[in-house]
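In: what's the 3D shape of this:
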Amino acid sequence: FAFFAGEPDRELLLYKPERYQGEFVIMVSQNPAWEAVIEECYPGNCKRVERYALKKEPDVFDTEKLEKIVEGLPKEYEMKLLDKACFSETKKIEWCCDWTAQYPDFETYQRLGLGVVILKDGQIVSGASSYTTYEKGIEIQVDTKEEYRRRGLAEICSAGLILECLKRGLYPSWDAQNKGSLALAEKLGYHYSHTYTAYEAFVYGKGEGV
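Out: Okay, the predicted model is just below:
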């Protein structure tokens, strides 16, 4: 994620931090002037999308409701905290790599991050984890393996992670990429705040638009 504010600056927009090794970025602008610069720098290589912000309400969660959701996990599945073995696995699996991508090693994740995974026959099939960490909170990232979607697993592991956050005095922040994510968040107790514009682009390597 890149958040641009202040006076629009083409050089700043194209700057690549040395530690950043990826190609895909989601850019969020403070105002339409920044949007114009983004579209100018990445012509034909960025997609304008709408994302959905949720209100930050620490006392809004119904723990009894969340516990009932977790209890609905079918017996053929197992849910547990994201441990060292799961951390290593996520580094190899494309569909869930975002759970741990911001943490260089398990020790850092164990100190700063938090996540829960759902297993089927010992294999990770769904989970919710901290995409990023900030003071007294995390940003939640939820993913389910394609063939296991629409079984309620994302709702269950999300409820489990929210409960873990509440136990530890952390705020489980949620930002919805699409309306499906928004609907799931609202089922878990979040309330819609506002819609905002973002740009998804492959930059910093593949297909740079300059």
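In: Distance of the closest residue to residue 172 other than its chain neighbours relative to residue 104?
Out: What sits nearest to residue 172 in space, not counting adjacent residues and going by CB to CB, 6 or more residues apart in numbering, is residue 165, at 4.1 Å. For every residue, glycine as well, the C-beta is placed using N, CA and C. Counting by CB to CB, to the nearest Å, the separation of residue 165 from residue 104 is 22 Å.
In: Between the two, tell me which one has more neighbours.
Out: Shown here are residue 165 and residue 104; by other CB atoms under 10 Å, residue 165 has more neighbours (20 against 10).
In: per-residue confidence for the more buried one?
Out: Residue 165 is assigned a predicted lDDT (pLDDT) of 98.
In: Likewise for residue 21?
Out: If you check residue 21, the pLDDT there is 61.
In: and residue 185, what helix or strand is that in?
Out: Per DSSP states H and E, residue 185 falls inside helix 179-188.
In: Please apply the same query to residue 127.
Out: strand 123-134.
In: That strand: partners in the sheet, and parallel or antiparallel?
Out: Note on strand 123-134: by DSSP bridges, its sheet partners are strand 115-120 (antiparallel), strand 137-144 (antiparallel).
In: export those to TSV and tack on mean pLDDT, mean neighbour count and distance to residue 201?
Out: Formatted as TSV, the strands paired with strand 123-134 follow (pLDDT from 0 to 100; neighbours: other CB atoms under 10 Å; distance: least, CB to CB, whole Å):
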stretch	mean pLDDT	mean neighbour count	distance to residue 201
strand 115-120	98	22	27
strand 137-144	98	22	19
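In: Relative to residue 202, which of those is closest?
Out: The minimum distance between residue 202 and the strands paired with strand 123-134 falls on strand 137-144, with 19.6 Å, by CB to CB.
In: quick revisit: enumerate the positions of the strand holding residue 127 that are buried.
Out: If you call a residue buried by 16 or more other CB atoms under 10 Å, then strand 123-134 has these buried ones: 124, 125, 126, 127, 128, 129, 130, 131, 132, 133.
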